[in-house]
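Student: the amino acid sequence is not available; the structure is as follows:
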């Protein structure tokens, strides 16, 4: 017969095993197709996207209303949001600028760039239950001096097709694609 203290210890372990929380659901923003444009710089360096600090967390922030954050407790980004946005934005820009090489500055590849893109993401969240809003400051600096980039604010809205985190992330993917479209408009000359 097993001693009482061992039975108690096994019972406590069994109780703890039964109390495990559900693993978080992980989400990723994805690149979306866009129109290819010619006339961009030969090389474009994309600096890491800077985030408003309230967005810089593992849990997904879906909205800010009445000065309160709506944070998804068990829905997490699959990687740090700034890194993910930089990676996806670079992929979107590369697709839209087929004659250009788009590299992330600070990455493993370093090349002299004819243009540098800087993005400060100020908002990514629901403005209404059916609408996602993205607000970013963007600066495009070209080495050739053409259309040198003054920082400008880009505000976009995208309809959210449903409720929950998956439709939110799908709308965020579309918004980042539209942000890439606006950046390409600043990069392409003529």
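Tutor: Cool, got the structure. Since the structure is predicted, the reported quantities are computational estimates derived from the model, not experimental observations.

Student: for residue 60, see how far away residue 54 is.
Tutor: Applying CB to CB, to the nearest Å, one obtains 12 Å for the distance of residue 54 from residue 60. (Glycine included, C-beta is placed from N, CA and C.)

Student: compare these two (neighbour count), which wins?
Tutor: A side-by-side neighbour count of residue 54 and residue 60, using other CB atoms under 10 Å, places residue 60 first with 25 against 13.

Student: so the more buried one sits right up against residue 27, yeah?
Tutor: Yes. Using CB atoms under 8 Å, residue 60 makes contact with residue 27 at a distance of 6.5 Å.

Student: list residues touching both of these two?
Tutor: By the contact definition CB atoms under 8 Å, 6 or more residues apart in numbering, residue 60 and residue 27 are jointly contacted by 75-77, 165, 169.

Student: nearest to residue 98, out of the residues you listed: which one, please.
Tutor: Set against residue 98, the nearest of the shared contacts of residue 60 and residue 27 by CB to CB is residue 169 (26.8 Å).

Student: quick one, phi/psi of the closest one?
Tutor: phi -70, psi -40 (degrees, to the nearest 10).

Student: can you pull the contacts of it?
Tutor: 27-29, 60.

Student: next one: it from residue 25, what distance?
Tutor: With distances taken as CB to CB, residue 169 is found 10 Å from residue 25.
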